[in-house]
Each structure stands twice: as structure tokens, then as C-alpha cells.
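A.B. asks: 3D, please:
(chains A and B)
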Amino acid sequence: MSDVIKTDALIVGAGPVGLFAVFELGLLDIKSHLVDILPKIGGQCAELYPEKPIYDIPGFPSVTGQGLIDNLMKQIEPFHPEFHLSEMVASVESIGTDTAPLFRVTTDAATQFETKSLIIAAGGGSFQPKKPPIPEIDTYEEKSVFYAVRRMEDLRGRDVLIVGGGDSALDWTLNLQPIARRVTLMHRRDEFRAAPHSVEQMRSLVAEGKMDLRIGQVTGLRGDHGLLSSALCRGTDNAEFEISCNAMLPFFGLTMKLGPIANWGLSLSENLVPVDTEKFETSTPGIFAIGDINTYPGKLKLILSGFHEGALAAQRVYRYVYPDKRLTFQYTTSSSSLQKKLGVEG
Amino acid sequence: MTKLQFVDFGGTARVVEAPVGSTVMEAAIKNAVPGIEAECGGACACATCHVYIDDAWQAIVGPPTSMEEDMLDFAYDVRPNSRLSCQIKVTDQLDGLIVHTPERQA
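C.D. replies: Now for the predicted structure:
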């Protein structure tokens, strides 16, 4: 077990709102760590619509999802936030008091934090793999059906069925083809949205007889005690066929689920976290919720609302982190001390 | 205004009105039609506004674009009449359109 990381603020979610909270906290000398379940920074902006223009960010007539994230990263650089990616906060335990909150936070990778404030900026929740509509698939999960490849070695010598037509499906087809006994790729149509280069490589392996490509959808699984023996499939012409396999990897993208937040002892309302509109604090002092994950009368799910919420939450976090100091409101345009923090002092 | 009918997995039908130029997804969200999630808000980026076009309407609604086809790969239980409702623009021709929502979106 690694050492406990002590921090002033722990932000759950590295989307635009979580990133801007780093800025507002940083101006108040509050250091942030961020945890995100995705392997990359940017949340929905980077995962769902990196190339799509956003038109309602103040001061940007048009900026792409990734463009906004890149700019935010540049903006928060002076505050050296630390990121813990591909990790999900699994549990939150209160070890402080209402006036001096302290939380022990543990991720699914066993990283432990001790933080004076917890800021939930988790958007629509955590991204988790979509499950295909196959009866009883849950009885095979983690035994012979996997939504991610953790160790390639586990699949050595196996008959692997990969389902999907995107980059994950194609990349794993190409990576596993040399070590699996046989790889079969199944997709619902003979067109692939994956990178053309990977598709070409896959097609030449098929032409050389080194792997199989089948067009259709998996409709059922056969096996015993979670160990797969074959997949029942239906082709585009409705013909039924069976593919013998002892491992299946479905790649149908990601969806958002609230996940473990439901177990943190917060009062929830329709999978959203109610907060006040002064501090954006939850029913638990020291735990805040900002951005799409929160709810309050008049809430608008806009990125700009999340920016505002982060700024106000930061003011309250300051009182927990520096209970004896007085907070004077300052502008970045005129305050030399803020400019010093930003590294732009003249 | 164009009338649109959403039939859920259990067979319950709901009729909503949608202004010409909006999308079928927007009409569903505005009227809190269950079975449409639209996580991404209409960017053709999530496949959680998936619907099945009623047989009688398929020719009028037409097939998905290639970008939409790509996104349909992510949808749950895709069928030949699958579309993403955020990509269907409401027109006068669609008055009375019937779409079926899937058992679940993801």
C-alpha cells in the first residue's frame, strides 16, 4: 500500500469544470489533486466530442471540446495540479468534523487521499463500458467476457471473439492476433469506423487466412459456469451461426453511470447531487458538487454554470483549509499577489 | 407543429408536438419521453437517443448518414430500422411519425 496523499482539495472528474476549479482554488493557494476514470484528461469534451465546436463559452465564439480542454490545461498550469487517471473513487469516509472536515478517499487502484475538501465534478457520472444486449452475459463477465484487456497474456492461446467496429475492437484484433489461438472479429456491418490503416491490416490478415471476420451480431452465449464455449450469432440475412470461442471482448463504447457516488452517504435526487447556491456544498460539509452532476432550483447544465459554481465553492473551501485567515476578494487584473501566483507579474 | 408518437418497449404510446426544424430527440427530451437519454445533448456522439422507425415511416424518414451509422455501432440492439433521434429533423412530412424506443439505451 502506498502512502496516503494529503491534499487541500480532491476533485473527482477532470472535465472542464473540474479543471477550472483547479484555477479558482489555486488563486486562493489551495492545491488540488484530480481523479478521473478515463485514461485522459477532459471528460465528455475529450471523450464524446473532441472535434465538435462549442458556441456558448464566454469569450470564445467557437471552440472545440479538445480546444477548450487544451486551453484550460494551459490556464491551470501555474497551479501544478496532480492527476490520477484511469482511477475511480471507490469510497469516501469522513474522519473530520462539520467545522473541520477531513475525508479519507480511496480509489479502485488503492490510492489513498486525506483531503480537507472533496469536490465532485463528475458530470454525467463515470464512463463505463456499454454492455451488448446478450442474455446472461453478466454470468460470463470477468471470467470469459472482458470489456477491457488488462493483461494480454491472459488471452494467449485462446479462441478470442472480438465484437465491434471501432478503434478498440480493431486495435485489440491486431494486438491479439499473434498470441491468440484464433481471433474472430465480428461487426454488425462490413464497414468500420476504426482508423483505415488498422482496417486494412485486419483485411489482409483475413485474406491470408490468419484470422476470421464475420458480419453479424451476437445473440446468445453457450458455456458453463461463466466459461464460454461458443457464441450464437445472427447474420445480416438473419441466418444463425455459431462461433466457437472461449473468450469474448465486446467493444461498444462507453456510457455514463453514476457509479459509487451513490454510496458516499450524500442525499441524491434523481441521480444528481443537491447543493446550495451559495457555496455549492452538499448535505455533507466539506463535500461540494459542481457542474452537470449537481442540482438546485434553476440549474442549467452548461459548462459556464460549472465554472461559476467552482469559483463559489472555492471560497468556502478556503475557510476549511485556512480557518484562521481572512479572505479578501481580489481581481486577477489588478492584484499583484494573484498575478504572482499566475506567474505573470510585471 | 408536427405531431410525433413515441411507443415505448412496453407498448405505451405518447404523442408530443414538435416545431419544424427541431429534432425528434429534442421533442422527446422537452416532453420527458422515457426511453430517450441523449447523454451528449444532440452531438451525434453517444447513441443514447436510439429509436426504431415504424415500418410505415421508414421510406419517408430515410436511412442514417455514414457518421450516424458509425455511432449506431454503439447503440443497444441495433436493427435495420434503427436511427438516432438527434439526427432526424422534424419536417411537415413527418406529421404523425411513429418511432419505437428500445428496451434500454445502454
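
A.B. asks: With adjacent residues omitted, what lies nearest to A:Ser336?
C.D. replies: If the residues on either side of it in the chain are set aside, A:Ser336 comes closest to A:Glu345, at 6.0 Å by CB to CB, 6 or more residues apart in numbering or on different chains. Placement of C-beta: from N, CA and C, glycine included.

A.B. asks: Can you check what pLDDT the model gives that neighbour?
C.D. replies: A:Glu345 carries a pLDDT value of 75.

A.B. asks: Repeat that for A:Glu270.
C.D. replies: Listed pLDDT for A:Glu270 reads 82.

A.B. asks: Surely A:Pro61 is in contact with A:Tyr55?
C.D. replies: Yes - using CB atoms under 8 Å, A:Pro61 is in contact with A:Tyr55, at 7.0 Å.

A.B. asks: and stretch A:185-199, how far from the chain's centre?
C.D. replies: With CA atoms, centre = their mean, to the nearest Å as the basis, stretch A:185-199 stands 25 Å off its chain's centre.

A.B. asks: Pull the number of nearby residues for A:Gly298.
C.D. replies: For A:Gly298, the count of nearby residues is 7 (other CB atoms under 10 Å in any protein chain shown).

A.B. asks: Please report the distance of it from A:Ser305.
C.D. replies: A:Gly298 sits 10 Å away from A:Ser305, going by CB to CB, to the nearest Å.

A.B. asks: Need the overlap of contacts for A:Pro61 and A:Tyr55.
C.D. replies: Listed as contacting both A:Pro61 and A:Tyr55 by CB atoms under 8 Å, 6 or more residues apart in numbering or on different chains is no residue at all.

A.B. asks: is any part of the worst-scoring helix or strand of chain B on mean pLDDT close to chain A?
C.D. replies: Ranked by mean pLDDT, DSSP states H and E, the helix or strand of chain B with the weakest confidence is helix B:66-72, at a mean of 90. Yes - residues of helix B:66-72 are located near chain A by CB under 8 Å from any CB of the partner chain, namely B:66, B:69-70.

A.B. asks: That helix packs against which elements?
C.D. replies: Applying 3 or more CB pairs under 8 Å, 6 or more residues apart in numbering or on different chains; DSSP states H and E, we find helix B:66-72 packed against strand B:82-84.

A.B. asks: mind listing the helices for the stretch 201-346 of chain A?
C.D. replies: Here the stretch 201-346 of chain A has its helices, by DSSP state H, counting those that start in this stretch, at A:303-321, A:336-342.

A.B. asks: Show the secondary-structure elements that the shortest one is packed against.
C.D. replies: If contacts are counted by 3+ CB pairs under 8 Å, 6+ apart, helix A:336-342 sits against helix A:16-27.

A.B. asks: do the helix it packs on and chain B meet?
C.D. replies: No - using CB under 8 Å from any CB, helix A:16-27 never reaches chain B; the gap is at least 14.0 Å.

A.B. asks: list the buried ones in the least confident helix or strand of chain B?
C.D. replies: By neighbour count on 16 or more other CB atoms under 10 Å in any protein chain shown, the buried set for helix B:66-72 is B:68-72.

A.B. asks: What of stretch A:126-133?
C.D. replies: Within stretch A:126-133, the residues that qualify as buried are A:126-127, A:129-133, counting by 16+ other CB under 10 Å.

A.B. asks: Just the CA trace of that stretch, in CSV.
C.D. replies: What follows is stretch A:126-133, C-alpha atoms only, in CSV (Å, rounded to 0.1, in the frame of the first residue of the first chain):
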residue,chain,number,x,y,z
SER,A,126,-18.3,7.8,-14.6
PHE,A,127,-17.7,6.4,-18.0
GLN,A,128,-18.2,2.7,-18.1
PRO,A,129,-18.2,0.2,-21.0
LYS,A,130,-21.5,-0.4,-22.7
LYS,A,131,-22.8,-4.0,-22.5
PRO,A,132,-24.3,-5.6,-25.5
PRO,A,133,-27.9,-7.0,-25.3
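
A.B. asks: Tell me which entries of the buried residues of stretch A:126-133 lie within helices.
C.D. replies: Of the buried residues of stretch A:126-133, none are assigned to helices by DSSP state H.

A.B. asks: Is it possible to get a markdown table of those that adds pLDDT?
C.D. replies: A markdown table is the format used below for the buried residues of stretch A:126-133 (pLDDT from 0 to 100):
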| residue | pLDDT |
| --- | --- |
| A:Ser126 | 87 |
| A:Phe127 | 85 |
| A:Pro129 | 87 |
| A:Lys130 | 86 |
| A:Lys131 | 87 |
| A:Pro132 | 88 |
| A:Pro133 | 84 |
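
A.B. asks: mind listing which of the residues you listed are in strands?
C.D. replies: Those of the buried residues of stretch A:126-133 mapping onto strands are A:126-127, A:129, per DSSP state E.

A.B. asks: Out of the residues you listed, which comes closest to B:Lys89?
C.D. replies: Nearest to B:Lys89, judged by CB to CB, of those is A:Phe127 at 29.0 Å.

A.B. asks: surely the closest one meets A:Gly253?
C.D. replies: No - contact criterion CB under 8 Å: A:Phe127 and A:Gly253 do not qualify, at 9.2 Å.
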